[in-house]
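**Q** Provide a 3D model corresponding to the input given below.
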Amino acid sequence: MRQVYTQALVFSLFVAGGSNAQIPPKPSIIAVGPYLQYMTRTNVSILWETSEAATSVVEYGEQTPLTNRAFVEGQSEMHEVRLERLKPQTNYFYRVLSKGASGEESASEVYSFQTAPEEEVAYAFGVISDTQTNPPVWGRISTLLFAERPNFVVHAGDIVGDGTKKEQWTNDFLKPAHALMSRVPIFAILGNHDKDDANYYRYIANPSPEHHYTFTYGNAQFFMIDTSRSVRPGSDQYQWLEHELDRSKATWKFAVHHHPPYSSDENDYGDTWKGQSAWGDAKVRPLVGLYEKYGLDMCFVGHIHDYERSWPIRDGRVDPARGVIYVQAGGAGGGLENYAPTRSWFTAKVHRDHHFAIVSICGRAMQLQAIDQNGVLFDQLTLRK
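**A** Numbering: from 1, shown residues only. Now for the predicted structure:
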């Protein structure tokens, strides 16, 4: 990461004389963004892309006019500036500026964001997965999600349909969701379609090593896992996850990864129209033991393009008192799939439509709502500790 510099801005007003003829502005070189990544109580990353190598500057403040500036030295096409030493749970305004080879400076509109709160404050977050390559649906879902005014969003992977294709990241994922992502950070993890490609590390900014990480928000901790890599006992991710779960003091614990340990899909884990099913991905089933051992509350997954919420599960059966709930929220864009013709033992609710979920937390109370692409609420759950 290149060094980020901050400074105060000095504003001046002047009156320009001369001709009244107006010169049309040159086209902006800001091609994508800006958008937010990796928000904490005191820091946030702001990313954008320009059509040519250019400078990286962010102006920001608690009100307009903007009185602070952060910048990264040098020129590049992809820009990432980390704002630091911010106040918790505070509204900030910002814009980005880049100057290319012509010397003309392009500036974005002014946007706003709110830093993460302290533990005792109520908050809400969105849950999505499998946006893939469907800009009309993802644009609609992101608009509905922004209307809920979440503090942040978690994404369980398959961000695009083919991770090697740059235009899918820019045109199919980032641009349709600009209204959301310019004001609300998305914490994402890899899916199999993302192919662990360099584009993921270009357009998504997470703590190192980026393909797995953990973060806290309010009184919750999130464990982001790449299930396209090994999660077998003894693997790097398995050992990392056990270590992080063991030392977590959070009131609420959530895991986010792409492949579902439990799923009622009709044919991904065995053709249920002709035979039996494994009812989920056996490669990620070792994670279940860790979730149950360390008291995970809920696991958000994708991969299957429909909605399913399980009953609380422990030791291979429904346990309402001590079980882990699995929420499959793979409906943010990918082509819809379907369920087995008979009901699974773990199923609490299924719904076949594009959708998102919104989770609201206040202290030891949590509410989950699932909403379809038409804004219709189709599932709701309340938990209290």
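
**Q** what's the lengthiest strand in the chain packed up against?
**A** Using DSSP state E to define each element, the chain has its longest strand at strand 44-61. Packed against strand 44-61 by the contact rule (3 or more CB pairs under 8 Å, 6 or more residues apart in numbering; DSSP states H and E) you find strand 30-37, strand 68-83, strand 91-99. Bear in mind the C-beta positions are built from the backbone N, C-alpha and C, glycine included.

**Q** what do you get if the cut-off is 10 Å, keeping everything else the same?
**A** In terms of contacts (3 or more CB pairs under 10 Å, 6 or more residues apart in numbering; DSSP states H and E), strand 44-61 is packed against strand 4-8, strand 30-37, strand 68-83, strand 91-99, strand 105-107, strand 111-114, helix 198-203.

**Q** Of the ones you listed, which stretch is the most buried?
**A** Each of the helices and strands packed on strand 44-61 was scored by mean neighbour count; the highest is strand 30-37, a mean of 21, by mean count of other CB atoms under 10 Å.

**Q** and residue 299, how far is that from residue 310?
**A** Residue 299 sits 9 Å away from residue 310, going by CB to CB, to the nearest Å.

**Q** now swap in residue 171 and tell me
**A** Counting by CB to CB, the gap from residue 171 to residue 310 is 35 Å.

**Q** Name the residue in these two with the higher neighbour count.
**A** Neighbours per residue (other CB atoms under 10 Å) separate residue 171 from residue 310, with residue 310 holding more: 26 against 15.

**Q** Tell me who's in contact with the more buried one.
**A** By CB atoms under 10 Å, 6 or more residues apart in numbering, the contact list for residue 310 reads 260-264, 280, 298-299, 318, 323-328, 344-349.

**Q** do the same with residue 124
**A** Contacts of residue 124 were listed using CB under 10 Å, 6+ apart, and they are 148-152, 218, 358-362, 367, 369.

**Q** from those residues, which is closest to residue 58?
**A** Within those, proximity to residue 58 (CB to CB) peaks at residue 152, which comes in at 19.2 Å.

**Q** Assign residue 169 to helix, strand or coil.
**A** Under DSSP: H, G, I helix; E, B strand; the rest coil, residue 169 falls in the helix class.

**Q** Can you verify my assumption that it contacts residue 197?
**A** Yes: counting by CB atoms under 10 Å, residue 169 touches residue 197, with 9.0 Å between them.

**Q** where do the contact lists of the two overlap?
**A** 160, 162, 163.

**Q** what number of residues lie near the first one?
**A** Here the count is done by other CB under 10 Å, and residue 160 has 29 residues near it.

**Q** just the helices in this protein please.
**A** Secondary structure of the chain (DSSP state H): helices at 135-147, 166-167, 178-181, 198-203, 236-247, 286-293.

**Q** could you dump those helices to TSV with mean pLDDT?
**A** What follows is those, written out as TSV (pLDDT from 0 to 100):
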stretch	mean pLDDT
helix 135-147	98
helix 166-167	98
helix 178-181	98
helix 198-203	98
helix 236-247	98
helix 286-293	98
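
**Q** possible to save those as TSV with distance to residue 210?
**A** Putting the helices of the chain into TSV (distance: least, CB to CB, whole Å) gives the following:
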stretch	distance to residue 210
helix 135-147	22
helix 166-167	18
helix 178-181	18
helix 198-203	6
helix 236-247	13
helix 286-293	19
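
**Q** just curious, which of the contacts of residue 124 is nearest to residue 70?
**A** Lowest distance from residue 70 to those (CB to CB) belongs to residue 152, with 20.8 Å.
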